[in-house]
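Student: requesting a structural model of the entry that follows:
(3 chains)
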Amino acid sequence: MRLFKKITGSNLFYNFLRDPMAIGSATVLLFLIVASFGAPIFAPHNPYDQTTIDIMDAELPPIWTGAADADSRFLLGTDPQGRDMLSTMLYGMRVSVLIGVGAVVLQSLIGIIIGLIAGYKGGRMEALLMRLADVQLSFSTYMVAIFISAVFQGIFGMGVYSDYALGLLILVIGFAEWPQYARTVRASVMAEKNKEYVEAARVIGLPQRRIMFRHILPNTMTPVLVISTVQVANAIMSEAALSFIGLGMPPSQPSLGSLIKSGFDYIASGSWWISLFPGIALVVLILSINLLGDWLRDYLNPKLYKD
Amino acid sequence: MFAFIIRRITQAIFVMLVISVIGFAIKQSVGDPVREITGISVSVAERDALRDKLGLNDPFPVQWFRFVKGALHGDLGNSFKYKKPAVQVILSKAPATLELVITTSILVVLLSIPIGIYAAIHSKSWWARMAMGGSIIGVSIPVFLTAILLIYVFAVWLQWLPSFGRGELVEIFPGWKSGFFTRSGLAHLLLPTVSLTSIMLPLFIRLIRAEMTETLQTEYVKYARARGLKEKRILYVHAFKNTLLPVITVGGVQLGTLIAFTILTETVFQWGGMGSMFIKAVEDADTSLMVAYLVFVGLIFVVVNTVVDVIYGYVNPMIRTGGGK
Amino acid sequence: MQKQEPLLSVRELSVAFKMRDCVLTAVDGVSFDLDRSQRLGLVGESGAGKSVTGFALLNLVSRPGYISGGHVFFEGRDLATVSEEEMRNIRGNRISMIFQDPMMTLNPVLTIGQQMIETLKAHRHISQHEAEKLALSKLQKVAIPSPEKRLTQYPHEFSGGMRQRIVIAIALLTSPSLIIADEPTTALDVTIQADIMELLLNLCEEEEMALLLITHDLAVVSQVAERIAVMYAGRIAELGSTEAIVNAPQHPYTQGLLKALPQKVERRKRLNQIPGSMPSLQERPPGCAFYDRCELRGEICHREIPRLEEKNGGLVACHMVKTVAGKEKK
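Tutor: Here you go, the predicted model:
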């Protein structure tokens, strides 16, 4: 309750409420998250339950098109396997958000720790770690994610990979993106390292680890927060891309990316809804996160007078 | 400056070595080279004998060294699927990817610089707002989705443009089949280029605009104004030069993103380039080809990044003159 | 004696900042004159509005700031109302400005020569060769050794003191009638500060240029300036000759400032601080801004903003200062 009061009373919240873009995107995002995590409740069908899926129901158009085979059970139509589009999209969005957040948690943990160590210790350790981060960054996280998942699939085989896809994807994307956090945190640490409170802590004799985590870390949180929102959007985008090329979620556990992929095979035959609706859902999800991220970054960077 | 270049090249070599280790490790753990040669209907004993003969039971470092030696001679193993040397397969597919990448890069550079600068200077104008709004939507739409939508609108519905392949090609010099010189080639190039541009362009517009805005608020721009310099000079000489530096740095990093998105685009358009080749190699568990692609792309990255670093070092006077007092 | 028209005549200059939900006044009705070849020090603590005043004279206040009122009369024109193109002709030409930190103000990617020559070329038709000659002569004037080599070097290749000399050389290029120096020595080592200030002083005398020295350092200003204006919370509290201000300050704030100088305190005694702190832009009280910290405050001080009026040979903005007979300006 106190935390709630602290948040609602804060400057951040005040400015948030006065920016229609921020409120709009936050509302949309909240709606999407609630809808997708409440999929078991809201979805009219269960796309994971093989018994309810009938191949004869495949490729039915949405109900408003007025086509002869449109079925009122499937509001937005069905996919090539006969699964209800709406339900599959809701579950798929849940997967996207889970992977997005999970990957960011992982990459922030790795990145922050590495960034702290590199920034604080300096010297050869820092040079090595930062070089490593730079090289991995230059490969771009998408490439790294693609390679690692390709290798995983090769090593573990399709079967095992599919079973643990969710976790593996979080691992893959999380590992692919830590350099961004490491660099940001290290830059912050470098700036903070020379400030007097660090000197004071050292003089008192506090152990290094304590100085790093309890004193310096809280002051580096602002830039971490700024990139975190964008990173979630990137992670969701990465998962969709991986699923699209077949290195992501397996067909039995659909995500928005794999839905778009299966829809693509049928675009020539005119079943546009299979790609379009998940596409729209994906874009709205990513866009709302990006807009929120932009707002947050502008808010936390007061030196740019944007009037 | 010279020391700087030497350092960069040393790093590049080191990174290539690391890549070779990773690539080699992948080759060892995934797939079976013996199978590549013999197929499945061979007895275990014969297979073991073959392993020994091929030196596959030698210690790891020895095999790795052999691998690197082979690579330096242009031999990265044979593609299981194509039954040809992996390097040959890659080189045959490279022109397709390169043409796509080059066209997109030119478009992005030509468009993003003026738009980004304009958006930074006249930040409140209607055009600028549209550009920025469009940009944030652009980076939120995955490239493969744009590609699919473009195919649906222009190929399936309107039927104005082809939806797959490269069209008619002309061999402009041995090994390079180009699509630039035929009408059909260009028509096939159009949609993939637009798709790829649709995500790279907004990225750069946002980047340039952010850097330019920051530059315009620096003390030295203020000082330039205080000296009564013409606004044009302040923008194009003082501000622009300083904006270029971080843009070169960050832009160079985007190469990786570009290559990754090219893989996606090639997959959608069945564009016979290295990207779609890689995806098929993954599907077919064609390890040699996968690893060859990794090494090849790694080499491209390392070379381009080193070149970009050196260009940056040349453009940035602080590095070029080797620091001051 | 017939008095000449002042070179610079600032009247009721006000600068405001348009924030998201309110308008803040940084500079509130500031007035002062500056004659040819005269040196005026504009003193005050951080946030008092002195730098903003300096920028406002050249209409260089960054967004969201803007000149909200008043006049800046210079060489027959009101700079607060002239067109941008006219203003550009004056900046760096008739009025030159020196900023605080030369590392930040010199463009790191251009050579010194380029930055000097472009300043010249922006204001007159001059060949490259002539411009170089002029630049070299100014570099010599500011005592930079081997100037020919320096023209092709970049800012980061110089020390802080040298950089500031270069900035001064740039300011001299067009032989301006006024130099505005905003904290010119604050970013430099103490040992260099004196050198730079002396250089500036000598140059102003030689070239007959007026100097507006903006600083928080009373010691520096008392050595260089002939007159001092003390700013507090966006307004001028006191304005008079250096001698009068330093030896017989009238405004309670000025008195407090001088008492706080370490040199004035006996050894082993605590420093004399003025209790409290200057109100921020958002916190300005209705009457005199110094009210909360003033020992002399009275009822009228709370209600009415004191005007800058001539009292006892100097200008003071204080209700409590009374004219003493026999002390009028001769």
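Student: in chain B, which spans are helices?
Tutor: B:2-29, B:33-38, B:44-53, B:60-72, B:86-121, B:126-140, B:143-150, B:183-216, B:219-226, B:231-233, B:240-269, B:274-283, B:287-315, B:317-320 (DSSP state H).
Student: least reliable of the ones you listed by average pLDDT, please.
Tutor: Comparing mean pLDDT across these, the weakest is helix B:33-38, with a mean of 61.
Student: mind putting the helices of chain B in CSV, mean neighbour count and distance to chain C included?
Tutor: For every residue, glycine as well, the C-beta is placed using N, CA and C. Output for the helices of chain B, formatted as CSV (neighbours: other C-beta atoms under 10 Å in any protein chain shown; distance: least, C-beta to the nearest C-beta, whole Å):
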stretch, mean neighbour count, distance to chain C
helix B:2-29, 16, 15
helix B:33-38, 15, 53
helix B:44-53, 12, 60
helix B:60-72, 14, 40
helix B:86-121, 20, 13
helix B:126-140, 16, 16
helix B:143-150, 24, 35
helix B:183-216, 21, 10
helix B:219-226, 22, 4
helix B:231-233, 12, 7
helix B:240-269, 21, 5
helix B:274-283, 23, 37
helix B:287-315, 20, 8
helix B:317-320, 16, 4
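Student: can you lay out those helices as a markdown table showing distance to residue A:124?
Tutor: Formatted as a markdown table, the helices of chain B follow (distance: least, C-beta to C-beta, whole Å):
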| stretch | distance to residue A:124 |
| --- | --- |
| helix B:2-29 | 14 |
| helix B:33-38 | 38 |
| helix B:44-53 | 41 |
| helix B:60-72 | 25 |
| helix B:86-121 | 36 |
| helix B:126-140 | 37 |
| helix B:143-150 | 39 |
| helix B:183-216 | 31 |
| helix B:219-226 | 35 |
| helix B:231-233 | 45 |
| helix B:240-269 | 23 |
| helix B:274-283 | 36 |
| helix B:287-315 | 20 |
| helix B:317-320 | 22 |
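Student: out of those helices, which is closest to residue C:56?
Tutor: helix B:219-226 (12.3 Å; C-beta to C-beta).
Student: which other residues reach stretch B:64-72?
Tutor: By C-beta atoms under 8 Å, 6 or more residues apart in numbering or on different chains, the residues outside stretch B:64-72 that reach it are B:17, B:20-21, B:23-24, B:27, B:55, B:76-77, B:295.
Student: number of residues surrounding residue 162?
Tutor: As the question left the chain open, I've gone with chain A. 16 (other C-beta atoms under 10 Å in any protein chain shown).
Student: please refer instead to chain B.
Tutor: For residue B:162, using other C-beta under 10 Å, the count is 18.
Student: tell me the contacts of the residue nearest to it when sequence neighbours are not counted?
Tutor: Nearest residue to residue B:162 in three dimensions, chain neighbours excluded: residue B:188, at 5.3 Å (C-beta to C-beta, 6 or more residues apart in numbering or on different chains). Counting by C-beta under 8 Å, 6+ apart, residue B:188 touches B:161-162, B:165-167, B:179.
Student: generate a ChimeraX selection restricted to the buried subset of those.
Tutor: Only the buried members of the contacts of residue B:188 end up in this ChimeraX selection, burial being decided by 16 or more other C-beta atoms under 10 Å in any protein chain shown:
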select /B:161,162,166,167,179
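Student: quick check: closest non-adjacent residue to the residue of the stretch 101-250 of chain A found nearest chain B.
Tutor: Here the stretch 101-250 of chain A gets closest to chain B at one residue, residue A:140, 2.6 Å apart by C-beta to the nearest C-beta. Nearest non-adjacent residue to residue A:140, counting by C-beta to C-beta, 6+ apart: residue B:256, 2.6 Å away.
Student: let me know whether the one you found touches residue A:145 as I believe.
Tutor: No: with contacts counted by C-beta atoms under 8 Å, residue B:256 stays clear of residue A:145, the gap being 10.9 Å.
Student: neighbours of residue A:290, how many?
Tutor: So residue A:290, with other C-beta under 10 Å, has 21 neighbours.
Student: my bad, residue C:215
Tutor: 24.
Student: bridged to it, which residues?
Tutor: With DSSP bridges as the criterion, residue C:215 is bridged to residue C:43.
Student: from residue C:46, how far off is it?
Tutor: Plainly put, residue C:215 is 11 Å away from residue C:46 if you go by C-beta to C-beta, to the nearest Å.
Student: quick one: the strands in the stretch 151-300 of chain C?
Tutor: C:178-182, C:210-215, C:227-232, C:235-241 (DSSP state E, counting those that start in this stretch).
Student: so which residues make contact with the shortest one?
Tutor: So the one you mean is strand C:178-182. So strand C:178-182 is in contact with C:7-8, C:34, C:51, C:54-55, C:57-58, C:74, C:94-100, C:171, C:200, C:204, C:209-214, going by C-beta under 8 Å, 6+ apart.
Student: just want the angle from that strand to helix B:219-226.
Tutor: 160 degrees (axes from the mean of the first three to the mean of the last three C-alpha atoms, to 10 degrees).
Student: give me the angle between strand C:178-182 and strand C:210-215.
Tutor: 10 degrees.
Student: OK, contacts around the most centrally placed residue in chain C?
Tutor: In chain C, the centroid-proximal residue (C-alpha atoms, centre = their mean) is residue C:214; its distance is 2.7 Å. Contact analysis of residue C:214 by C-beta under 8 Å, 6+ apart lists C:41-42, C:50-51, C:53-54, C:180-183.
Student: now render those as CSV, adding neighbour count.
Tutor: Converted to CSV, these look like this (neighbours: other C-beta atoms under 10 Å in any protein chain shown):
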residue, neighbour count
C:41, 26
C:42, 29
C:50, 29
C:51, 23
C:53, 29
C:54, 23
C:180, 27
C:181, 29
C:182, 22
C:183, 21
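Student: and of these, the nearest to residue A:211?
Tutor: Using C-beta to C-beta, the contacts of residue C:214 come closest to residue A:211 at residue C:183, 35.0 Å.
Student: what secondary structure does the closest residue to that closest one other than its chain neighbours sit in?
Tutor: Excluding the flanking residues, the one nearest residue C:183 by C-beta to C-beta, 6+ apart is residue C:100, at 4.2 Å. At residue C:100, secondary structure determined by DSSP: H, G, I helix; E, B strand; the rest coil is coil.
Student: quick check: residue C:100 touching residue C:184?
Tutor: Yes: between residue C:100 and residue C:184 there is a contact at 6.9 Å, judged by C-beta under 8 Å.
Student: confidence score at the nearest residue to residue B:137 once chain neighbours are set aside?
Tutor: Once flanking residues are discounted, residue B:137 sits nearest to residue A:287: 6.3 Å by C-beta to C-beta, 6+ apart. pLDDT recorded at residue A:287 is 93.
Student: burial count for residue A:287?
Tutor: 19.
Student: contacting residues for it?
Tutor: A:25, B:136-137, B:140.
Student: now swap in residue A:250 and tell me
Tutor: A:158, A:161-162, A:165, A:258.
Student: skipping adjacent residues, who's closest to residue A:242 in space?
Tutor: Residue A:242's closest residue in space is residue A:248 (C-beta to C-beta, 6+ apart), at 3.6 Å.
Student: contacts only, for that neighbour.
Tutor: Applying C-beta under 8 Å, 6+ apart, the residues contacting residue A:248 are A:149, A:165, A:169, A:239-242, A:255, A:257-258.
Student: close to chain A: what parts of chain C are there?
Tutor: C:18, C:20, C:62-64 (C-beta under 8 Å from any C-beta of the partner chain).
Student: how close does the closest residue to residue C:126 other than its chain neighbours sit to residue C:177?
Tutor: Distance criterion C-beta to C-beta, 6+ apart; nearest residue to residue C:126, sequence neighbours excluded, is residue C:120 at 5.6 Å. Separation of residue C:120 from residue C:177 (C-beta to C-beta): 17 Å.
Student: which one's more surrounded, the two?
Tutor: Using other C-beta under 10 Å, the more surrounded residue of residue C:120 and residue C:177 is residue C:120, with 23 against 19.
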